[in-house]
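> Quick one: sequence and predicted model below, then my questions.
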Amino acid sequence: MLSVALMAASSLSNARQGKVRPLHYKTWTILTIDFETYYDRTFSLSKLTTEAYIRDELFEVIGVSVQIDDSSASSSTWFSGTKKETQEFLNQFDWENSLTVAHNAMFDMAILSWHFDIK
């Protein structure tokens, strides 16, 4: 979990002096995500833009790995199934109260948004 404090300064001079007061705290779950997808010699990210690849009719999620908070890599959950089953798997996570991390965020977040309507 990650706690973030939103701070407010009562005046500009107090802000400059580091005198700020917390407005409220929010605790976030950190979700690390990694999608694995179908590709071949002619259908790959080296041949297409990220958007063209993900929006193509040949695009297919092979599986997804999700790790919660700072748990060890060995505690990551790997899931592979149909698109419907993958949607159900992903729906179990509280995306609204989570920060999502990915090595290739543009790719993984586009898949979440465009194929699974998770924003």
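That came through fine.

> So what are the sheet partners of the longest strand belonging to the chain and their directions?
Criterion DSSP state E: the longest strand present in the chain is strand 21-37. Its sheet considered, strand 21-37 pairs with strand 2-8 (antiparallel), strand 61-68 (antiparallel), strand 98-101 (parallel) by DSSP bridges.

> Buried ones in that strand, by neighbour count?
31-35, 37 (16 or more other Cβ atoms under 10 Å). All C-beta atoms are positioned from the backbone trio N, CA, C, and that covers glycine.

> how long is stretch 95-113 end to end?
In stretch 95-113, first residue to last residue: 12 Å (Cα to Cα, to the nearest Å).

> Make 578 the first number, not 1, from now on.
Done: numbering now begins at 578, and the last item shifts to stretch 672-690.

> List the contacts of that stretch.
Contacts to stretch 672-690, defined as Cβ atoms under 8 Å, 6 or more residues apart in numbering, come from residues 579, 603-612, 614, 622, 627-628, 631, 638, 667, 695-696.

> Just after the longest strand of the chain, pick out the following helix or strand.
Per DSSP states H and E, the first helix or strand lying C-terminal to strand 598-614 is helix 627-632.
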